[in-house]
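Visitor: Sequence and predicted structure, then a few things I'm wondering about:
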Amino acid sequence: MNYILSDGSQRKALLPFTFTRPVAEIRIGILTIREKWEKYLNTSVSFKTEDYLSEKYTLVEATENVIIIASFLPNAELVESITALKQNEAIFIGDKLVAYFSSSPKEEVDLSEYERIDLDKEPFTVDYTWDIFSKNGEALQADFDLITQGRKSAPISNTNKLICPENIFLEEGAVVEHSILNATEGPIYLDKGAEIWEGCMVRGALALCEKAVVKMGAKIYGPTTVGPHGKICGEVSNSVIFGYSSKGHDGYLGNAVLGEWCNIGADSNNSNLKNNYAKVRIWNYATEKFDHTGLQFCGLMMGDHSKTAINTMFNTGTVIGVNSNIYVPGFPRNFVPSFSWGGASGFTEYLPKRAFEAAKVMMARRGVEFDEKEARILEHVFEETKKWRNY
């Protein structure tokens, strides 16, 4: 069977992160959604996504295909139902489509002609940007159990102070020295080549993905995830940082999500709690308004390639688009469109030519090429987001 992960109807509610990736490439817990499905299905999957993303994230067709809505995360019960799907069958939970069988995955199907299979128990879903950090603890525990089942951690240096060491797992090549690791409230996982430098205090859950680094003296509160090649320091709480992004200095980041290739300047901070303790509203691209999250704690959402200068401050529930550069002192407004340049005193348009020059240099430092595929994706995002740049 050929399995395809479809963006489904939730893509817009997961912007700005899905401007530059399919829903399936969102990281939550330890793994991306795609990686979770591939482990459960024991096969590779492909993507049904926006046309402009399809050159990088391709669709693989076969004569028999199962299309899975990528905002649903796998568990054993759901995977059993999906692998048993036959022609003209579709799985629903209430009015939500979960998966369906198709011989032509590019074409829209008339689901009213399908035999309906109803599941009673709703699986884990990522429906909104704030779900990525607010549900990260549950996802991280599930991934930890999946990855470490039946395996033994690499040795952990005796220079460290360990609390609940049975919940701490290091892959070969991971390093941690002279730090305090407390896994009482959630597991601590270090992937290959990940490092925690001296003098750090970590309260799980924490996932450090391949070659991610926690720099000296950091204070990390879980559940927090740092994607491959990411770097963090200072104080970080309940945040998800996608691959290749850096918060490498002092300052606070809490209840936040950073995309790839972001950089947070030294002593930058975000608020995650309103002074009146009210529930936080946040910009939702799907509704084009500030929607209620139902959360009392909600910090910063930052799209790929966006950056801040030193001492940048963000209000509670701020959304930053793709390729924005924020450097003017003071609090910028709590929705900054993609390709914006400036800060509290106002913004101008950040033209792609200049943005791409910065991206090339940053990516080259990590040995990654900024290629034409990446440029075409970002050029599309520039055009698509013009309507919000009404400075």
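Guide: Everything's here; your move.
Visitor: Going by C-alpha atoms from here, please, whenever you check contacts or count neighbours.
Guide: OK.
Visitor: List the buried residues of the lowest-mean-pLDDT helix or strand in the chain.
Guide: Counting by mean pLDDT, DSSP states H and E, the weakest-scoring helix or strand in the chain turns out to be strand 325-328, with a mean of 90. The neighbour-count check on strand 325-328 (16 or more other CA atoms under 10 Å) flags 325-328 as buried.
Visitor: can you put those residues in CSV and add distance to Val361?
Guide: Listed next are those as CSV, based on distance: CA to CA, whole Å:
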residue, distance to Val361
Asn325, 15
Ile326, 18
Tyr327, 19
Val328, 22
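Visitor: Assumed Phe382 was part of a helix.
Guide: Yes. Per DSSP: H, G, I helix; E, B strand; the rest coil, Phe382 lies within a helix segment.
Visitor: show me the contacts for the nearest residue to it once chain neighbours are set aside.
Guide: Leaving aside its sequence neighbours, Phe382 sits nearest to Phe339 (CA to CA, 6 or more residues apart in numbering; 6.6 Å). Residues near Phe339 by CA atoms under 8 Å, 6 or more residues apart in numbering: 321-325, 349-352, 355, 382.
Visitor: same thing but at 6 Å, please
Guide: 323-324, 349-350 (CA atoms under 6 Å, 6 or more residues apart in numbering).
Visitor: So which of those is the closest to Asp250?
Guide: Taking CA to CA as the measure, Asp250 lies nearest Ser324 of the contacts of Phe339, at 21.4 Å.
Visitor: before we move on, back to that, on the pLDDT front, check the residue nearest to Phe382 for me.
Guide: In this prediction, Phe339 carries a pLDDT score of 97.
Visitor: Starting from Val322, give me the distance back to it.
Guide: 6 Å (CA to CA, to the nearest Å).
Visitor: State the pair within the contacts of Phe339 that is farthest apart.
Guide: Asn323 and Glu349 (10.4 Å).
Visitor: More neighbours: these two, which one.
Guide: Applying other CA atoms under 10 Å to Asn323 and Glu349 shows that Asn323 carries more neighbours, namely 29 against 18.
Visitor: Wait, that one touches Ser306, no?
Guide: Yes. Judged on CA atoms under 6 Å, Asn323 makes contact with Ser306 at a distance of 4.4 Å.
Visitor: any residues in contact with both of those two?
Guide: Between them, Asn323 and Ser306 share no contacting residue, judged by CA under 6 Å, 6+ apart.
Visitor: returning to what we had before: so can I have JSON lines of the contacts of Phe339 showing secondary structure and distance to Val66?
Guide: Shown next, in JSON lines, are the contacts of Phe339 (DSSP: H, G, I helix; E, B strand; the rest coil; distance: CA to CA, whole Å):
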{"residue": "Asn323", "secondary structure": "coil", "distance to Val66": "35"}
{"residue": "Ser324", "secondary structure": "coil", "distance to Val66": "37"}
{"residue": "Glu349", "secondary structure": "strand", "distance to Val66": "42"}
{"residue": "Tyr350", "secondary structure": "coil", "distance to Val66": "41"}
